[in-house]
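**Q** here is my input; please provide its structure:
(2 chains)
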Amino acid sequence: MSNPILSISGLTTSFRTGGQWRDVIRDISFDIGPQETVAVVGESGSGKSVTAMSVMRLLGGNARSSGRIGFDGRDLLSLPLEEMQKIRGNRIGMIFQEPMTSLNPVLKIGDQITEVLMQHRGLDHATATTEAVRLLDKVRIPSAKARLGEYPMNFSGGMRQRVVIAIALACEPKLLIADEPTTALDVTIQAQILELIKTLQQEEGMSVLFITHDMGVVAEISDRTVVMYRGDIVETDTTRQIFRKASHPYTRALLSAVPQLGSMAGQPRPLRFPVVDMKTGEIAPVPPTADTVRHDIAPVLKVEHLITRFPVRKGILRRIAGRVHAVEDISFDLHAGETLSLVGESGCGKSTTGRSLIRLEKMTSGRVQIDGKEVTKANQGSLAEIRREAQMIFQDPFESLNPRMRVGRAIAEPMIAHGLASSSEAIRRAGTLLEQVGLSAAMADRFPHEFSGGQRQRVCIARALALDPKLIVADESVSALDVSIKAQVINLMLDLQEKLGLGYLFISHDMAVVERISHRVAVMYLGEIVEIGPRQSVFENPQHDYTRKLMAAVPIADPTRRQTRRIADSEIRSPYRAADYEPAKRQYREISPGHFVQLTVEK
Amino acid sequence: MSSYLLSRILQAIMTLIVMSVLVFVGLYMIGNPVDVLLSPSATPAERLEIIQAFGLDRPVWEQYLLFVSKALTGDLGNSFVFNQPALDLILQRMPATLELAFTALLMALVIGIPLGIRAGLRPDGLVSKSIMTFSILGFSLPTFWIGLIMILSFSVQLGWLPASGRGDTVDIFGVPVSFLTLNGWTHLILPAFNLALFKISLVIRLTRAGVMEVMQLDFVRFARAKGLTEHRILRVHVLKNTLIPLITVIGLELGSLIAFAVVTETIFAWPGMGKLIIDAIAVLDRPVILAYLMITVVMFSLINLLVDILYSVVDPRVRLEGASR
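**A** The predicted structure follows:
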């Protein structure tokens, strides 16, 4: 490669913790050529973000770096701070993961763009403002001029990330560092932003250093890929080569754990993820999944015309000015041993549905039966009994466990609270449950912080199982986990389903995971189910426009299938409606047995 | 905005009504002002005459209604002691108290914010630790004691500043103020600083906590990645975000500055409202107490309204009529 833009060699960064220097990344070396996109991929704790931050020297006083970061013939590590400030935002632009917090909430968008232009390009305020409009146009923000005077809160997540990109590109940098720029975004918005970065890269002729954990995104965007594991580079190669024939066992393990949309074609039942031996890279064969669905008995969950709306009050008299139609007239059944996935993007009402079922949210109307018992009209006593049958697992395993309670105690608590076991019995059973979820009984004495993220989610599953439920509502339960851990937890959930005949209501935004785990799928949009049916049928023959859009937006972890797609730059709409709004009665058409699609209403 | 204002005014009126009922009933139960005011040698006839003159022979609810109907015309009654309109008595003394309170507030901000920023930027440094030690002292030492020590040092020992009273005043729009004369300042500076000390400590701590918190936020990291200088990051990005919680607290504290001025006013013999209200309570001078409390309520409501408006100016996320979309 001739004259790399960025040349990192022997980069080691350490953090000081408790007076000790600890290496976080060790001896990192790679180059980025002109107009090249290099992805650094790894799971949490791999040091991929630290690498990016080290290049920009943004780590603060508790960190030190050694080695050489060559950029433009100079070593960034030895530059004085003033010189570094002239490079940041000017020659190297950077964007971060969280578009919601990257912008200062109390400053106007315009000021946040112009300050860069005035700082680095020495423009006066008027010229900088004109330039800011051009930049917002460039990142496809409609009516750019009018939006300069607005604050970040008036922008959606995707739009904010566009503003951040506009700022990063304001001075036409030679290199753009993107640190998980799409991770916090919905999948259709993610596709838009990835397209945008690709297009701008061609227009500007810059190089990109792309940090991500998502192999799908890597396959989609990068020319070369650097795989990191616990602070070391384990493999550097062209992206095609890595996906075709990775040489390091870790890379292979990572790739095998990545759920690939479309990989389940012709497969009627859920499928476990292959387990890879981290030392040898051997892939163990996947055991076939048993047929667990019990169509012969009454469904464990029956939902009819469920509606949940949240009133929005305004004025002195707190009159209802409008309502958020979070869940709008949805109906479905769930059998024992069956997994039904509710899938959709943020604000589509999937979580509210899960919470309404066991009345954690007050439903507006409709009828819900769990194991034949009416939830809708249950009093406090019978509600407690019903909730015993239906347990929830949440997204964040750390926040859903009490940090001051030993996990054994946390698992035993529901049994004691429901009067199902004496204190000592419950603690003993907690040990058995921990073994059931692949931990050891001896771990019952530990506190949540002594576990890793994946282990904590296992603890949450054990706690959910404590009451022998028939139904588990899993609300984004694997979304926060690293790929390999995610695969393990999903395998565990499938094991438990086979063993205990559990019904899962699996709420997720991740189409690829949903394809792997579900028997049936319901796609939600603006509080309504737009399409529901057997997974195979929905994924192989999607009918509704929104389902198709959702599936087209998922990045495919295969660089040879890289699509040139055009995702319309549309926003996710809001389910907020005026107070007198009456939703139209929806009609469904049956495509194939059990596969229903909502008919588009003619306006 | 107008419906917001209207609701705030309604709230203030409700507070006024509840407060006046409480004070009325409370004072009625504590005792009879005539017992305190009248000399023991007064004849029963004189006594009866006074009771009738004050209207104390009527049932308490009737007295209250009478008070309300007069209050609506702007008459809060005459002081039992001075036989002057209670409102006039208070309004005469109010400028002195307000001058003291606002000077103290200004000191708290001018001294507290820079020190707080310094302590927040390098929390582990020696300077920061000294600032924090000072703020602990400001919190924990009693105001009256510091006031006495200040008089001892600066007035008695060094003889630099006068020990008590208010200095020469100049009238502005008919309101006497002392901060425009040098003599006025020499009298003002000690009591104002005494009153401000606690607030300085508070502002230091709030600012420090705010700066430390904001410096950790993503947008500061992003601002650095934009290549901005540390100076600009601090002045533009950090300071405005730090001010938001500060404004709320300062607004509330302004009220307590006026109320707590009582102690300082007593020590420095400052001719403010504090002294007046203490005396009025001692003799159960109901009209003065009521008038004082009503003015305080109105003042507090105004300050809070001002804080809310200021808040929405600084923080665009706050909209006074609730969610805008």
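
**Q** center of the chain - which residue?
**A** In the absence of a named chain, chain A is used. residue A:479 (5.2 Å; CA atoms, centre = their mean).

**Q** try chain B instead
**A** Centre-nearest of chain B using CA atoms, centre = their mean is residue B:258, 2.3 Å out.

**Q** quick one, phi psi at that residue?
**A** Taking degrees, to the nearest 10, you get phi -70, psi -40 for the backbone angles of residue B:258.

**Q** nearest residue to it in space, please, no chain neighbours.
**A** residue B:101 (4.8 Å; CB to CB, 6 or more residues apart in numbering or on different chains). C-beta coordinates here come from the backbone N, C-alpha and C atoms, glycine included.

**Q** does residue A:42 really touch residue A:225, like I thought?
**A** No - with contact defined as CB atoms under 8 Å, residue A:42 and residue A:225 do not form a contacting pair (10.4 Å).

**Q** who's more crowded, the two?
**A** residue A:225 (28 against 25; other CB atoms under 10 Å in any protein chain shown).

**Q** enumerate the residues of the stretch 101-250 of chain B near chain A.
**A** For the stretch 101-250 of chain B, the contact set with chain A under CB under 8 Å from any CB of the partner chain comprises B:217-219, B:221-229, B:232, B:236-237, B:240-241, B:244.

**Q** list buried residues within the residues you listed.
**A** By the neighbour-count criterion of 16 or more other CB atoms under 10 Å in any protein chain shown, these include these buried positions: B:217-219, B:221-228, B:236-237, B:240-241, B:244.

**Q** among those, which one sits closest to residue A:597?
**A** Sorting these by distance to residue A:597 puts residue B:218 at the head of the list, at 40.9 Å, by CB to CB.

**Q** residue A:41 bridge partners, please.
**A** Beta-bridge pairing for residue A:41 (DSSP bridges): residue A:212, residue A:227.

**Q** residues near it, how many?
**A** 26.

**Q** same thing with residue B:52?
**A** Neighbour tally, residue B:52, other CB under 10 Å: 11.

**Q** what sits against it?
**A** Counting by CB atoms under 8 Å, 6 or more residues apart in numbering or on different chains, residue B:52 makes contact with nothing.

**Q** quick check: the gap between it and chain A.
**A** Between residue B:52 and chain A the distance, using CB to the nearest CB, to the nearest Å, works out to 44 Å.

**Q** that residue sits in which helix or strand?
**A** Assigned by DSSP states H and E, residue B:52 belongs to helix B:44-54.

**Q** how about the lengthiest strand in chain A as PDB, C-alpha atoms only?
**A** Identified as the longest strand of chain A according to DSSP state E is strand A:319-334. What follows is strand A:319-334, C-alpha atoms only, in PDB (Å, rounded to 0.1, in the frame of the first residue of the first chain):
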ATOM      1  CA  ARG A 319     -57.300  18.200  29.900                       C
ATOM      2  CA  ILE A 320     -56.400  15.300  27.600                       C
ATOM      3  CA  ALA A 321     -54.900  17.000  24.600                       C
ATOM      4  CA  GLY A 322     -54.000  13.700  22.800                       C
ATOM      5  CA  ARG A 323     -53.100  10.100  23.300                       C
ATOM      6  CA  VAL A 324     -50.100   8.000  22.500                       C
ATOM      7  CA  HIS A 325     -51.600   4.900  20.800                       C
ATOM      8  CA  ALA A 326     -48.900   2.600  22.100                       C
ATOM      9  CA  VAL A 327     -50.800  -0.600  21.500                       C
ATOM     10  CA  GLU A 328     -53.700  -0.500  19.000                       C
ATOM     11  CA  ASP A 329     -56.100  -3.500  18.800                       C
ATOM     12  CA  ILE A 330     -53.800  -6.400  18.700                       C
ATOM     13  CA  SER A 331     -54.800 -10.100  19.000                       C
ATOM     14  CA  PHE A 332     -52.700 -13.300  19.100                       C
ATOM     15  CA  ASP A 333     -52.400 -16.700  20.800                       C
ATOM     16  CA  LEU A 334     -49.300 -18.300  22.200                       C
END
